[in-house]
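1. Okay, here's the prediction I keep looking at, along with the sequence it came from:
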Amino acid sequence: MFEKSPRPKKRLFLALVLISILLLSGVVYLLWNIMTPGLQNISSYLPEVVGGLILFLLVFSLFAFFLMALAVAGVPLFRLFQGMAWNFVNVLFPLAVFFGRLFNIGKERIERSFIALSNHLFQQKKMVIAPERLLLLLPHCLQRGDCPYKITQNIDNCRQCGGCRIGDLLRICRAYGVNMTVVPGGTLARKAVMSIRPKAVLAVACERDLTSGIQDVFPLPVFGVLNERPDGPCFNTMVDTQLVEKAIRRIIGRGDNYGETA
């Protein structure tokens, strides 16, 4: 593991998604009952049409959830179904967070569960990516705040002094021939992905940035590694370099299966 906190459970996010579907369906059904008299005034067929649409959306949502559960269980799915399930997850993520708060479940905990689910689906694909088509995407806060050699524009500015994890990660990437870039924020991260055009991304970040990044670049596969924050968020953060190297080796086909990392 890369943090001292308990490993998040994928089933937390799955449960919240299912709760979101059921509760949202209940709310929509109540609204439909309230609106039925007004709809009948417009057309006698309109309540049935609206009700049929609501029923279709409910069945579709449950079907997409079923596909997602099958993917988590390791059942192979057609690419179309994989995309459908993942798009569905992205749409319901805000609702999962909302209903999680109703149950006093913090957003960060839900994000960690989401990342765990995403990583699990990544592993289930059993992809092997050529090293030059893999991008290691790092946040600038991994660099020491007092370091005078800024590396967001040019990674070669790193002196590999050992004061932070950047030098170790740079050596690992050069040893395996993997692309590596350091970015100060989500906008430049997306720009880096568009510029390099990798087949897969190995990203190190906090819960919030990993969650938004995974959603932003879909369907590009992303494997997320959470950073460690001994001095608080966005300052002098750290990461388990052995964990990153292990993920790199697995993605490029030079190692065993990954362990759970989120």
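-> Okay, I see it.
2. C-alpha only now, for contacts and for neighbours.
-> OK.
3. all helices of this protein, in order?
-> Ranges of helices in the chain, per DSSP state H, are 10-42, 46-72, 79-102, 107-124, 166-176, 186-196, 207-217, 241-251.
4. Give me the angle between the longest one and helix 79-102.
-> Using axes from the mean of the first three to the mean of the last three Cα atoms, to 10 degrees, the direction of helix 10-42 lies 90 degrees away from that of helix 79-102.
5. doesn't Arg208 make contact with Glu108?
-> Yes: with contact defined as Cα atoms under 8 Å, Glu108 reaches Arg208; the gap is 7.3 Å.
6. returning to that earlier point: to Asp156, which of the helices of the chain lies closest?
-> Asp156 lies closest to helix 166-176 among the helices of the chain, at 8.9 Å (Cα to Cα).
7. got a markdown table for the helices of the chain, with mean pLDDT and distance to Asn154 too?
-> A markdown table is the format used below for the helices of the chain (pLDDT from 0 to 100; distance: least, Cα to Cα, whole Å):
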| stretch | mean pLDDT | distance to Asn154 |
| --- | --- | --- |
| helix 10-42 | 85 | 37 |
| helix 46-72 | 83 | 39 |
| helix 79-102 | 77 | 33 |
| helix 107-124 | 87 | 29 |
| helix 166-176 | 93 | 12 |
| helix 186-196 | 84 | 13 |
| helix 207-217 | 88 | 22 |
| helix 241-251 | 93 | 21 |
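8. CSV for these, including distance to Gln153?
-> Supplementary listing: the helices of the chain in CSV, determined by distance: least, Cα to Cα, whole Å:
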stretch, distance to Gln153
helix 10-42, 36
helix 46-72, 38
helix 79-102, 31
helix 107-124, 28
helix 166-176, 14
helix 186-196, 11
helix 207-217, 20
helix 241-251, 22
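9. most packed of these?
-> Stretch with highest mean neighbour count among the helices of the chain: helix 107-124 (a mean of 22; mean count of other Cα atoms under 10 Å).
10. Would you mind extracting the C-alpha trace of that helix into PDB?
-> Extracted in PDB, the C-alpha atoms of helix 107-124 (Å, rounded to 0.1, in the frame of the first residue of the first chain):
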ATOM      1  CA  LYS A 107     -15.900  12.400  -0.600                       C
ATOM      2  CA  GLU A 108     -12.200  11.400  -0.300                       C
ATOM      3  CA  ARG A 109     -13.200   7.900   0.800                       C
ATOM      4  CA  ILE A 110     -15.500   7.600  -2.100                       C
ATOM      5  CA  GLU A 111     -12.800   8.900  -4.500                       C
ATOM      6  CA  ARG A 112     -10.400   6.300  -3.200                       C
ATOM      7  CA  SER A 113     -13.000   3.500  -3.800                       C
ATOM      8  CA  PHE A 114     -13.600   4.900  -7.300                       C
ATOM      9  CA  ILE A 115      -9.800   4.800  -8.000                       C
ATOM     10  CA  ALA A 116      -9.600   1.200  -6.600                       C
ATOM     11  CA  LEU A 117     -12.500   0.200  -9.000                       C
ATOM     12  CA  SER A 118     -10.800   1.900 -11.900                       C
ATOM     13  CA  ASN A 119      -7.500   0.200 -11.200                       C
ATOM     14  CA  HIS A 120      -9.200  -3.100 -10.900                       C
ATOM     15  CA  LEU A 121     -10.900  -2.700 -14.300                       C
ATOM     16  CA  PHE A 122      -7.500  -1.600 -15.800                       C
ATOM     17  CA  GLN A 123      -5.900  -4.800 -14.500                       C
ATOM     18  CA  GLN A 124      -8.800  -6.900 -15.800                       C
END
